[in-house]
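Novice: Turn this into a structure:
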Amino acid sequence: MESFSIMRTRSSIPDAWARAPRVSRRAVFAAALAPLVAGCSSDPNSDTAALAQMLGRSLKILPGKPSVTLNEVADTPFASLGVRLGSGPQTMLVLATRDGGATVWTSASHIALEVQHGRIQRTAGLPQNLSATVFTGSDPLAALPNLRAPADTVRSLDFADRNAFGIVVDSTINPAGSADVDILGTRIACIHAVEHCTCKALNWTFTNEYWADTHAGRVWRSTQFIHPDLDSVEIELFRPPRT
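Specialist: Numbers count the residues shown, from 1 in each chain. The predicted structure follows:
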């Protein structure tokens, strides 16, 4: 695993997650926010719309310390990542399940993120949530290390709290050169990419950034805007899922 083996030095059960029972993404989101959050649908009658009734009980901030420490990560024998809203504290989420290229991460504070190719596709338990993401074509993040020129992509988003479904976002991802990132004291050589996004329907423009390693294309750090009423979400990958 690249140069990041330090993340395993204090794990007494490195195969714990491989032995743990698999659960569905639907079950994870159900545990994070009830009623059930399921299905990547752009239909306002789908069960993603149930999120709209729950936002009043969603967390107002992510609980946590200013930053997660190396010891905390090393003492957790599961794949994990750190999440931060805006300039707020950082909290740690662990891998709950994966289905193909998609991974779902959750915590005891009833937060859940679905991530694919480093991109946040769906959330639960945040002050405002991204209910679904559907791409027209492929996501250029899937081949980030091979990106040599700007790549355009189109996706539609659901925001159940706004009763807004199938909202189109046009994006251009630009390679921005090499850049090292520091994850818990370990420097990782990465490719930096900047994504400029426009959502005409909501008069919303925003910029996402990604840092992916040059070998496997794994996104180790990103800053993403996932909802027009929410601060940016920063993700740091502490311990990647086992391949």
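
Novice: Please make it C-alpha for all contacts and neighbour counts, starting now.
Specialist: OK.

Novice: which residue ranges form the strands in the protein?
Specialist: For the chain, the strands defined by DSSP state E occupy 80-85, 90-99, 102-106, 112-116, 119-124, 132-136, 151-159, 164-183, 186-199, 204-213, 219-224, 233-239.

Novice: and the third one, what does it pack onto?
Specialist: Judged by 3 or more C-alpha pairs under 8 Å, 6 or more residues apart in numbering; DSSP states H and E, strand 102-106 is in contact with helix 25-32, strand 90-99, strand 112-116.

Novice: Go ahead and measure how far it is from the middle of the chain.
Specialist: Its chain's C-alpha centre and that of strand 102-106 lie 8 Å apart, by C-alpha atoms, centre = their mean, to the nearest Å.

Novice: what angle do that strand and strand 90-99 make?
Specialist: Calculated by axes from the mean of the first three to the mean of the last three C-alpha atoms, to 10 degrees, strand 102-106 forms an angle of 140 degrees with strand 90-99.

Novice: hang on, the earlier thing: mind putting the strands of the chain in TSV, distance to A142 included?
Specialist: Formatted as TSV, these follow (distance: least, C-alpha to C-alpha, whole Å):
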stretch	distance to A142
strand 80-85	19
strand 90-99	16
strand 102-106	12
strand 112-116	8
strand 119-124	9
strand 132-136	12
strand 151-159	12
strand 164-183	12
strand 186-199	12
strand 204-213	10
strand 219-224	10
strand 233-239	16
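
Novice: Just send those back as JSON lines, with mean pLDDT too.
Specialist: Putting the strands of the chain into JSON lines (pLDDT from 0 to 100) gives the following:
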{"stretch": "strand 80-85", "mean pLDDT": "94"}
{"stretch": "strand 90-99", "mean pLDDT": "90"}
{"stretch": "strand 102-106", "mean pLDDT": "92"}
{"stretch": "strand 112-116", "mean pLDDT": "94"}
{"stretch": "strand 119-124", "mean pLDDT": "96"}
{"stretch": "strand 132-136", "mean pLDDT": "95"}
{"stretch": "strand 151-159", "mean pLDDT": "96"}
{"stretch": "strand 164-183", "mean pLDDT": "95"}
{"stretch": "strand 186-199", "mean pLDDT": "96"}
{"stretch": "strand 204-213", "mean pLDDT": "97"}
{"stretch": "strand 219-224", "mean pLDDT": "97"}
{"stretch": "strand 233-239", "mean pLDDT": "96"}
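
Novice: Could I get those strands in TSV, plus columns for mean neighbour count and distance to L70?
Specialist: Shown next, in TSV, are the strands of the chain (neighbours: other C-alpha atoms under 10 Å; distance: least, C-alpha to C-alpha, whole Å):
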stretch	mean neighbour count	distance to L70
strand 80-85	22	11
strand 90-99	22	11
strand 102-106	22	19
strand 112-116	23	22
strand 119-124	24	24
strand 132-136	17	32
strand 151-159	20	35
strand 164-183	18	9
strand 186-199	19	10
strand 204-213	20	20
strand 219-224	23	15
strand 233-239	22	9
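
Novice: What is the burial count for the closest residue to D231 other than its chain neighbours?
Specialist: Spatial nearest neighbour of D231, chain neighbours left out: G86 (5.1 Å); criterion: C-alpha to C-alpha, 6 or more residues apart in numbering. Neighbour count for G86, taken as other C-alpha atoms under 10 Å: 16.

Novice: Kindly state the pLDDT recorded for G86?
Specialist: Looking at G86, its pLDDT stands at 93.

Novice: what's the answer for the one 3 residues further on, then?
Specialist: On the pLDDT scale, P89 is placed at 89.

Novice: Let me know whether it touches E234 as I believe.
Specialist: No - using C-alpha atoms under 8 Å, P89 is not in contact with E234, being 10.6 Å away.

Novice: what residues are up against the residue nearest to D231?
Specialist: Counting by C-alpha atoms under 8 Å, 6 or more residues apart in numbering, G86 touches D231, S232, V233, E234.
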